[in-house]
Structure formats: C-alpha cells, structure tokens
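> Predicted coordinates and the sequence they were generated for:
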Amino acid sequence: MVFIDTPNAPKPGGHYSQAVVHGDVIYISGILPITPSGEKLTNATYTEQTEQILKNLDAILLAAGSTREKVLKVTVYIADMNAWGTVNQVYRQFFGDHRPARSVVPVLPLHYGFGIELEAVAIN
C-alpha cells in the first residue's frame, strides 16, 4: 500500500491521504476546490470550482502513476443541482471520450461552503 502526498494538490485537511494505491487500484479521497497553495475557492463559480477540482485530480493521478484515462469511477457531491449542467460540461471537456462510471449525489451543505466535491477510483 502506498499513500499519495503531492504538493501539486491541496494538503489533506484531516487524518487521510490524497489517495491510496493498493495493487493496481488508486482510491482518491474527496477533492475540494482548493488550490495547491491552500486558497479555498468558496466564492468561485461552479465552473471555476469544478476546473480546480479536476486540476487537483490530474495532479493526484500523476503522483500515483496514472492518468485521467484510467479513472474507473467518479462520485460527485453537489450542493445545487441547478448547477449540474455547468459542472457536467466542464467534466465532459476534461474527460473527453473517456466515460468513467459516475454517481451524482445532491448534498447540503458542503464543507466550508463549497459547491462541489469529487472522489474517484482509478487504476495504474
């Protein structure tokens, strides 16, 4: 088992790892719209929050020896389902032709007032 800790994504805010690699499987913890330097994008648009989360996902995947094309499953937690079209558009642009399994879970509220959180499972 390998615990991922890259400076190219925000540091965990609690007692967990950015991701855990076990065999060929990568379990990626919930990712919030926080920059690697720690700036919380709570007042950013859903587009900006989603873009930051996906940048963080790329950085964690790279640190784990993987890529977005190897993501198997994504869970998206969203505070406002009215923003889903926007989030889905950014998500679709990020993944392109790759279509991992996905769940979308409406929740209220999210940590620190964020609008979105994402977790994923990938392979090496």
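Looks like it came in fine.
> Paired strands for the helix or strand where Ser103 lies, with orientation please.
Using DSSP states H and E, the element containing Ser103 is strand 101-106. Paired strands of strand 101-106, with direction, are strand 71-78 (parallel) (DSSP bridges).
> Kindly calculate the angle that the following helix or strand past the strand it pairs with makes with strand 101-106.
Next in sequence after strand 71-78, counting helices and strands by DSSP H and E, comes helix 84-95. Interaxial angle, helix 84-95 versus strand 101-106 (axes from the mean of the first three to the mean of the last three C-alpha atoms, to 10 degrees): 150 degrees.
> elements contacting helix 84-95?
On a contact count with 3 or more C-beta pairs under 8 Å, 6 or more residues apart in numbering; DSSP states H and E, helix 84-95 meets helix 46-63, strand 71-78. Where you see a C-beta, it was placed from the backbone N, CA and C, and this is true even at glycine.
> State the helix or strand in which Phe3 lies.
strand 2-4.
> Identify each buried residue in that strand, please.
Ile4 (16 or more other C-beta atoms under 10 Å).
> Out of the helices and strands packed on helix 84-95, flag the one nearest Arg99.
With C-beta to C-beta as the criterion, Arg99 lies closest to strand 71-78 of those, at 9.8 Å.
> one step back: go ahead and measure how far the strand holding Ser103 is from the middle of the chain.
Relative to its chain's centre, strand 101-106 lies at 12 Å (C-alpha atoms, centre = their mean, to the nearest Å).
> mind putting the helices and strands packed on helix 84-95 in CSV, distance to Pro12 included?
Below are the helices and strands packed on helix 84-95 laid out as CSV (distance: least, C-beta to C-beta, whole Å):
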stretch, distance to Pro12
helix 46-63, 11
strand 71-78, 17
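> Next, count neighbours for Thr45.
By other C-beta atoms under 10 Å, the residues close to Thr45 number 12.
> so what's it closest to, chain neighbours aside?
In space, and not counting its chain neighbours, Thr45 is closest to Thr86: 7.8 Å by C-beta to C-beta, 6 or more residues apart in numbering.
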